[in-house]
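*Asks:* The following comprises the amino acid sequence and a computationally predicted model.
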Amino acid sequence: MRDQDVLRAVADGLSGLDMDRPAEDIIAAGNTRRRRRLAAVTAAGVMLAGLALAVPALTGSGPASPPSAERPASMAPTQLVAFSVASKPDGTVLLTLSKKQVADPDAVRKALSEAGVPAEVRVGSTCYSVPPPRPNDRIFPSHSEADADTLLVINPSAIPKGAVVSIGYKDSHGPVSFGLAWKNRMTCSNM
């Protein structure tokens, strides 16, 4: 069989197919579906990592405390954690910020610093610099928003020297903004 015979047989076999949709549209639709699936898988992975960190804290899997009498009535009920910072084996840092309550900015800044992330954290304002540090997708490899939390993955090794992660809360139910700013050229404005 010659090449022309093969091509004619293939063309005859495809002649009944509906090929009105351009290939670019088909490729674009596939790319959109792939990005959505990747975003869903990434968000699910971040949520699972947060859950893996939260379950031991909630179940009290730490060292046992000595037995005590009843809990005094003056003790306040257990409060939800406003934030958590976890260093991951790949060198990234997972920051979870609760939308149900505002975290103490100094405590968040200190926890991030201990994890190797220089940060400026504010309530009611957000900070930026002009010009900003060069954008780098490696600094924030993923970010997701849930009803109760904001989950942010930070790669400390990708942060340029002299730059800080800028995090701003509007209020306990408002948006959380984040970005990168030069520490010595920061401007902060109300949200």
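*Replies:* Thanks, I have the structure now. Numbering: from 1, shown residues only.
*Asks:* I'd like the next helix or strand past the lowest-mean-pLDDT helix or strand in the chain.
*Replies:* One helix or strand of the chain scores below all others by mean pLDDT, DSSP states H and E: helix 23-59, with a mean of 66. Moving toward the C-terminus from helix 23-59, the next helix or strand (DSSP states H and E) is strand 83-87.
*Asks:* Pull up the pairing partners for the helix or strand just after that following strand, direction included.
*Replies:* Remark: after strand 83-87, the chain's next helix or strand is strand 93-98, criterion DSSP H and E. If you go by DSSP bridges, strand 93-98 pairs up with strand 83-87 (antiparallel), strand 149-154 (antiparallel).
*Asks:* Can you point out the buried residues in strand 93-98?
*Replies:* 93-98 (16 or more other CB atoms under 10 Å). C-beta coordinates here come from the backbone N, C-alpha and C atoms, glycine included.
*Asks:* Put the alpha carbons of that strand into CSV.
*Replies:* C-alpha atoms of strand 93-98 as CSV (Å, rounded to 0.1, in the frame of the first residue of the first chain):
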residue,chain,number,x,y,z
VAL,A,93,6.1,27.6,54.8
LEU,A,94,2.3,27.2,55.1
LEU,A,95,0.5,30.2,56.6
THR,A,96,-3.2,29.7,57.6
LEU,A,97,-5.1,32.9,58.6
SER,A,98,-8.5,32.6,60.1
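*Asks:* tell me the mean pLDDT for the following helix or strand past that strand?
*Replies:* Using DSSP H and E, the next helix or strand after strand 93-98 towards the C-terminus is helix 105-114. If you average the pLDDT over helix 105-114, you get 91.
*Asks:* Helix 105-114 packs against which elements?
*Replies:* strand 83-87, strand 93-98, strand 119-123, strand 163-169 (3 or more CB pairs under 8 Å, 6 or more residues apart in numbering; DSSP states H and E).
*Asks:* Give me the angle between the first one and strand 163-169.
*Replies:* An angle of 150 degrees separates the directions of strand 83-87 and strand 163-169 when computed by axes from the mean of the first three to the mean of the last three CA atoms, to 10 degrees.
*Asks:* for residue 117, phi and psi?
*Replies:* Dihedral angles of residue 117 (phi, psi; degrees, to the nearest 10) stand at phi -110, psi 110.
*Asks:* My error: substitute residue 128 in the last question.
*Replies:* With angles defined as degrees, to the nearest 10, residue 128 sits at phi -150, psi 170.
*Asks:* begin at 234 from here
*Replies:* Taking 234 as the first residue, the last one we looked at is residue 361.
*Asks:* mind listing what it touches?
*Replies:* 399, 412, 414, 419-422 (CB atoms under 8 Å, 6 or more residues apart in numbering).
*Asks:* Pairing partners for it in the sheet, please.
*Replies:* Beta-bridge partners, per DSSP bridges, of residue 361: residue 420.
*Asks:* And it, how close does it get to residue 353?
*Replies:* 10 Å (CB to CB, to the nearest Å).
*Asks:* Alright, that wraps it up for me.
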